[in-house]
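Colleague: prediction below, plus the sequence it came from.
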Amino acid sequence: MTRTPETATPDTPVQTPVPRPWEELVTAALLGTDRRTPRGCEPGPRAPAALLDAAAAQTVRRRAGLRPAPAARRAEPAPEDPRPPLPTAAAHRLTTLLTDRPGPAGGGRRGTAPDLMELLPQWLAAANARGFAAPPQTIPALLDAARGRTDLRPAALTFAGPRALWLARLNPDWRFALRSTPGGGTALSGPDAAERIRRLWEEGLFAERVALLASLRARDPAAGRALLTSTWATERAEDRLMFLDSLRTGLEPADEPFLEQALSDRSRNVRAAAAELLSALPESALAARMAARAATCVSLDRALDPPAIAVEAPHECDAAMERDGVTLKPPSGRGERSWWFGQLVEAAPLGTWPARLGGRTPEEIVALPVADDWQSDLLAAWCRAAVRQRNGAWARALLGAPTAPEAGGPGAVSLAERAKLLGTLRAAERAEWVAGFIATHGLSEAFQLLGMCAVPWAPPLGRAVVDALNIARDAGSYPWSFSGVMGLAERCLDPSEAGRLDGLLAIPDEPQDASPGAGGYWAEAFQRLVTTLRLRAAMAEELGAV
């Protein structure tokens, strides 16, 4: 028995544990051979090489000392990918995009080099649109990139194809790919697809089941609804809420009976989600009930000149209102009547109001004055209703003209609301509105609105952004306030606009009141923008060359 220093006697020497050879080598490598020289290595300049030799020898010993074990079953071969291979130049470009790790320029500046990782999503979208297969040697890097960035996962897994799922089954770090693809990409097709879908729904992980339901809803809404109904009564409340959210995909009138039953669910959150979905169906019974309630709260007072909207908010929230999704308790700082009123108007079909308010159009209704300081509550609720019901006519009325003094219209209470309203419009109309906003008000509040526009930006929008950046440069301020917009421009501006930017690459004469050195920073930012646009043009050309 080895004695410790506390129990050792004067006649018994203390036995100090000897480090095992591998741990001793690791310690020496971490501390450095000038501070710790392993046994058998002479101190001095040759010690590092001797350390590596000793580590190599010890590695061989460790491997040779492994006990034999039964051979594992040989892995199945990777599946074939029938898609055409990438053109050679595009394959080289993909490798560059995946391996780029740019460091910051001096002083925290970005420099003139493009941010290649930010171009990877666009490259993947273009490659998927052309139906190319990923080079096998790039699939591990694609999976690593998708693991670190959830926004890349759908496009990266589509491009990587079936071989990515084969690899994911062999490496736990890539298991997210199996969760992101229902059944590992095998459940939705084939002669026995129905049985595999049923088994995955009953036995799969929660994330796999969510992905399966979302995929089914996108392909066959009725089949997805039937699958959910089959196990609804036995699901946990938090799972029912997530599954119910999947019904937003392919939402249709046939979903109404199931959603009406969910209004009686024992979970308040599930009831609220079901009510929100039903209110997005203007012909549903819930929408009719909410319209009747909201109509009793809003009327046209013709005694005033000009006529105004009168509001009488509800004085109580009864059990029937709660069942239909009205939340009883308001958030901190919000009055109860205002809270209930906003929920009723938000859930009522927007088609309720023209008949209720004298046959007026949405533009005329929004322009009416609202009595007793209820205007902000009423118009904010109409904004939410327009977004929920995807009603472009009401969205246009609430947005107003982009050149209005309070750009965004009377109902858009925030940039976030304006961005949501824009999302209900067609892409061309969206770009035109944002271009008008920027031409009138500049870029200071445009970042969130630009994020709603289709890529590449339409020519009028691109010109408005470039002109506004040029005006900001001439004002003599630093470009860092516009770094977000500049980053969007690098990814979203049409590459054909690069030629128009050549005149902005020179360092301008700085006005007397300009920030010191601002012109040089702007020239650098425009140089990076031009370089990125030309790189995007080259990427598109490489993908188009078969």
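Modeller: Right, received. Where do you want to start? Residues are numbered from 1 along each chain as shown.

Colleague: CA atoms for contacts and neighbours, from now on please.
Modeller: Fine.

Colleague: which one's the longest helix in the protein?
Modeller: Once the chain is assigned using DSSP state H, the helix that runs over the most residues is helix 518-544.

Colleague: what's that helix packed up against?
Modeller: helix 88-99, helix 116-129, helix 459-474, helix 483-492, helix 498-501 (3 or more C-alpha pairs under 8 Å, 6 or more residues apart in numbering; DSSP states H and E).

Colleague: centre of the chain to it, how far?
Modeller: Relative to its chain's centre, helix 518-544 lies at 25 Å (C-alpha atoms, centre = their mean, to the nearest Å).

Colleague: so F447 sits against G487, correct?
Modeller: No - between F447 and G487 no contact is recorded; they are 10.1 Å apart, counting by C-alpha atoms under 8 Å.

Colleague: what sits up against the worst-scoring helix or strand of the chain on mean pLDDT?
Modeller: Lowest by mean pLDDT, DSSP states H and E among the helices and strands of the chain is helix 176-180, with a mean of 78. When contacts are defined by C-alpha atoms under 8 Å, 6 or more residues apart in numbering, helix 176-180 is touched by residues 143, 147, 153-154, 157, 164-165, 168-169, 184-185, 205, 207-208, 211.

Colleague: repeat that for stretch 218-233.
Modeller: Counting by C-alpha under 8 Å, 6+ apart, 198, 201, 213-214, 216-217, 240, 243, 247, 249-251, 254-255, 258 sit against stretch 218-233.

Colleague: closest one of the contacts of helix 176-180 to A291?
Modeller: A211 (34.5 Å; C-alpha to C-alpha).

Colleague: quick check: buried residues in the helix or strand harbouring the closest one?
Modeller: Here A211, judged by DSSP states H and E, is contained in helix 206-219. With burial defined by 16 or more other C-alpha atoms under 10 Å, the residues of helix 206-219 counted as buried are F206, A207, E208, R209, V210, A211, L212, L213, A214, S215, L216, R217.

Colleague: now do it: distance to the chain's middle.
Modeller: 18 Å.

Colleague: also stretch 332-340?
Modeller: Remark: stretch 332-340 is offset 31 Å from the chain centroid, using C-alpha atoms, centre = their mean.

Colleague: same deal with stretch 75-83?
Modeller: 30 Å.

Colleague: try stretch 380-393
Modeller: 22 Å.

Colleague: stretch 369-384 too?
Modeller: 31 Å.

Colleague: in CSV, could you pull the C-alpha coordinates for that stretch?
Modeller: Extracted C-alpha coordinates of stretch 369-384, given in CSV (Å, rounded to 0.1, in the frame of the first residue of the first chain):
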residue,chain,number,x,y,z
PRO,A,369,-59.9,61.5,-37.8
VAL,A,370,-60.4,59.3,-34.7
ALA,A,371,-62.0,60.8,-31.7
ASP,A,372,-60.8,60.7,-28.1
ASP,A,373,-57.1,59.8,-28.7
TRP,A,374,-57.9,56.3,-30.0
GLN,A,375,-56.2,56.9,-33.4
SER,A,376,-52.9,55.2,-32.6
ASP,A,377,-54.6,52.1,-31.1
LEU,A,378,-57.0,51.7,-34.0
LEU,A,379,-54.5,52.2,-36.8
ALA,A,380,-51.8,50.0,-35.1
ALA,A,381,-54.4,47.2,-34.9
TRP,A,382,-55.3,47.7,-38.6
CYS,A,383,-51.6,47.4,-39.4
ARG,A,384,-51.3,44.1,-37.6
